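Q: Pasting the sequence and the predicted coordinates here, then a few questions.
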Amino acid sequence: MERIAIIENNTVSNIIKGNQSFADNYNGTAILLGDNIAGIGYAYDGTNFVAPAKTQEQLEKEGREWRNSKLKETDFIVPTTDYPNHAAWLTYRQQLRDWTATDNFPNTKPSAPAELVQ
């Protein structure tokens, strides 16, 4: 059994398991996916699948998750007052906390001091 995309109005409306015979005999458009990565909501132009654009809400959620992970990664620096460039790290952490209230959110992320950037 393989993954088959059911296409309605040039959009993937469902993903089902089936075989080539099912896809060939389906009363509508059914595309055997093979190695194509596609999901419900993807556009289909007759040849290619295109992921749907993310909503502003999704972008903001991802931005907050990224910010929270960066704060967690740098939590250990706060009590370590002799950590190299300590003041710059505290400033960066404050920029992370303030970021969601800026006009740059979620498009432009604050930059970490050079020690952490890899």
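A: Yep, that arrived.

Q: what's the neighbour count on T91?
A: Neighbours of T91 under the rule other CB atoms under 10 Å: 13. Where C-beta positions appear, they are placed from N, C-alpha and C, glycine not excepted.

Q: and it, what element?
A: helix 86-99 (DSSP states H and E).

Q: D24 too?
A: helix 20-25.

Q: and the helix or strand that that helix is followed by, C-alpha only, in PDB?
A: Using DSSP H and E, the next helix or strand after helix 20-25 towards the C-terminus is strand 29-32. Extracted in PDB, the C-alpha atoms of strand 29-32 (Å, rounded to 0.1, in the frame of the first residue of the first chain):
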ATOM      1  CA  THR A  29      -8.100  13.000  -9.100                       C
ATOM      2  CA  ALA A  30      -5.900  10.600  -7.100                       C
ATOM      3  CA  ILE A  31      -2.100  10.900  -7.200                       C
ATOM      4  CA  LEU A  32       0.300   8.200  -6.100                       C
END
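
Q: Okay, now the unreliable bits of this protein?
A: For the chain, residues meeting the criterion pLDDT under 70 lie at 115-118.

Q: Where do the strands of it begin and end?
A: Along the chain, counting by DSSP state E, strands occupy 2-8, 11-18, 29-32, 43-44, 49-50.

Q: mind giving me TSV with those strands and columns for distance to T108 and mean neighbour count?
A: TSV is the format used below for those (distance: least, CB to CB, whole Å; neighbours: other CB atoms under 10 Å):
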stretch	distance to T108	mean neighbour count
strand 2-8	35	17
strand 11-18	31	14
strand 29-32	38	17
strand 43-44	28	18
strand 49-50	25	15
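
Q: got those as CSV, with distance to R64 columns?
A: Putting the strands of the chain into CSV (distance: least, CB to CB, whole Å) gives the following:
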stretch, distance to R64
strand 2-8, 32
strand 11-18, 28
strand 29-32, 36
strand 43-44, 28
strand 49-50, 26
